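Peer 1: I'll drop the sequence and a predicted model, then ask my questions.
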Amino acid sequence: MAVSLPESLSETHFEWLGSRYVGKVRDSYVRNGLRVLIATDRLSAFDRNITTVPGKGQVLTKLANYWFERSSSIVENHVVAVPDPCVMIGKEAAIIPVEVVVRGYLAGSAWRDYSAGSPVSGVRLPSGMREFQQLSEPIITPSTKEPMGRHDVPISEREIVDKGIVQPEVWEQVRSHALALFAMASKDVMGRGLLFADTKYEFGIVDGRVVLADEIHTLDSSRFWVAESYEQRLRDGEAPEMLDKEPIRRWLMERGFKGDGPVPSIPEAYRAELVTHYIKSFERITGTECQIDTSPPHARIEHNLRAYFNA
Ligand SMILES: Nc1ncnc2c1ncn2[C@@H]1O[C@H](COP(=O)(O)OP(=O)(O)OP(=O)(O)O)[C@@H](O)[C@H]1O
Ligand SMILES: [Mg+2]
């Protein structure tokens with residue numbers, strides 16, 4: 001089948017904008033106390049770049065923006081402007097060096113630790129739980145934020161405070177914000193037939209205040225499952241139907257890839273499927289239509305950023 005996909009944004013080079021930091025999926029620039037986060041179309045899995053999915057950067061920016069707006073009464077966030085469908089400008093924050101993972105279900109790395117008999121970031125869970133099972137209440141299972149190329153390491157809340165990584169009173173605020181955000185989104189998506197399995201937040205300090213930074217509740221940071229089929233699938237020994245990155249992880253694992261060695265090449269037809277998956281997931285999660293701007297992304301972003309900064 002011939003597939004024709006719009007141009008994708010794989011990297012950016014806006015030297016005029018400021019100093020550049022290249023993350024796994026976003027390129028960010030620091031300018032005048034602002035953090036310009038450009039969501040590229042890069043798809044990462046197992047901490048490796050796998051391919052690009054045209055439109056992914058836009059879908060993720062829209063999702064993050066949707067949730068930042070929905071959650072602004074719970075916690076202050078870093079957002080200043082969204083001058084382009086894949087650009088979010090935030091106040092530059094001193095990022096707290098902990099990935100604040102919240103889980104409502106036992107899945108992913110938590111399941112791997114649990115089934116190996118280990119506590120999950122210091123949390124001891126009851127014995128006899130099954131993969132994908134709901135936890136009796138959401139738990140926080142933090143990990144350290146490691147530099148690119150290194151895997152994040154689980155850490156307990158106690159260690160975070162005892163090692164002085166975060167002041168106890170700051171951690172208290174972080175954990176209560178994280179749990180409140182998770183509860184809000186769980187309830188929200190439940191109304192649209194979805195289960196909010198887990199997510200990860202980054203907080204920072206701006207002018208001495210704890211502020212929600214980075215992105216929230218996107219398909220890169222979160223797992224969403226279809227509620228309707230959940231019970232039956234578990235009874236059949238199958239994984240839940242997922243609106244997140246898990247399908248591509250599974251696709252790669254079926255081809256023997258778990259992060260080491262050459263990345264299998266992704267057929268165009270499968271990339272096209274991934275594009276649709278991202279768009280449909282957005283619509284399911286937010287209950288609103290997802291319009292993708294198909295103009296060549298690099299020129300469009302440059303134009304929008306120059307207009308924003310008067311540069
Ligand atoms: N308001 C902010 N102020 C400062 N840094 C921010 C802010 N919001 C997000 N960031 C940082 O911008 C980067 C976003 O890049 P991306 O998520 O693609 O990278 P990453 O591979 O996750 O990198 P890292 O491992 O450093 O998080 C992250 O390092 C994140 O911590
Ligand atoms: Mg990140």
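Peer 2: Good, I have the coordinates. Ligands and ions are numbered 1, 2, ... in the order given.

Peer 1: identify the residue nearest the geometric centre of the chain.
Peer 2: Per CA atoms, centre = their mean, the C-alpha nearest to the average position across the chain is that of S221, at 1.9 Å.

Peer 1: close to ligand 1: what parts of this structure are there?
Peer 2: Residues of the chain lying close to ligand 1 by CB under 6 Å from any ligand atom are 23-26, 28, 35, 37, 78, 90-93, 95, 145, 148, 202, 204, 213-214. Quick note: C-beta positions are derived from backbone N, CA and C, even for glycine.

Peer 1: which ChimeraX command selects the buried ones in these?
Peer 2: Buried members of the residues of the chain next to ligand 1 can be picked out in ChimeraX with the line below, counting by 16 or more other CB atoms under 10 Å:
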select :25,26,28,35,37,78,90,91,92,93,95,202,204,213,214
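
Peer 1: okay, and which of the residues of the chain next to ligand 1 map to helices?
Peer 2: Assigned to helices by DSSP state H, none of those qualify.

Peer 1: in strands only, show me the residues of the chain next to ligand 1.
Peer 2: Judged by DSSP state E, strands contain the following of the residues of the chain next to ligand 1: 26, 28, 35, 37, 90-91, 95, 202, 204, 213.

Peer 1: of all the residues you listed, which two lie farthest apart?
Peer 2: Using CB to CB, the pair of those lying farthest apart is R26 and K91, separated by 16.2 Å.

Peer 1: now whichever residue of the stretch 1-150 of the chain sits closest to ligand 1: closest residue in space that isn't a chain neighbour?
Peer 2: For the stretch 1-150 of the chain, the residue closest to ligand 1 is G23, as judged by CB to the nearest ligand atom, at 2.0 Å. The shortest distance from G23 to any non-neighbouring residue, by CB to CB, 6 or more residues apart in numbering, is to M148 (7.0 Å).

Peer 1: helices along the stretch 101-250 of the chain, start to end?
Peer 2: For the stretch 101-250 of the chain, the helices defined by DSSP state H, counting those that start in this stretch cover 108-115, 157-162, 168-190, 227-235, 246-254.

Peer 1: enumerate every residue touching R31.
Peer 2: 17-18, 309 (CB atoms under 8 Å, 6 or more residues apart in numbering).

Peer 1: any idea what it is bridged to?
Peer 2: On the basis of DSSP bridges, R31 is bridged to L34.

Peer 1: likewise for T52?
Peer 2: Listed by DSSP bridges, the beta-bridge partners for T52 are R42.

Peer 1: now the helices of the stretch 101-250 of the chain as TSV including mean pLDDT, distance to M129 and mean neighbour count?
Peer 2: Below are these laid out as TSV (pLDDT from 0 to 100; distance: least, CB to CB, whole Å; neighbours: other CB atoms under 10 Å):
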stretch	mean pLDDT	distance to M129	mean neighbour count
helix 108-115	96	7	18
helix 157-162	98	20	16
helix 168-190	98	19	17
helix 227-235	97	12	13
helix 246-254	89	19	16
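
Peer 1: ok, S281 - contacts?
Peer 2: 59, 219, 224, 243-244.

Peer 1: quick one: which two of those are the most distant?
Peer 2: The distance between the two most remote of the contacts of S281 (CB to CB) is 13.2 Å, for V59 and F224.

Peer 1: give me the neighbour count for V36.
Peer 2: Using other CB atoms under 10 Å, V36 has 29 other residues around it.
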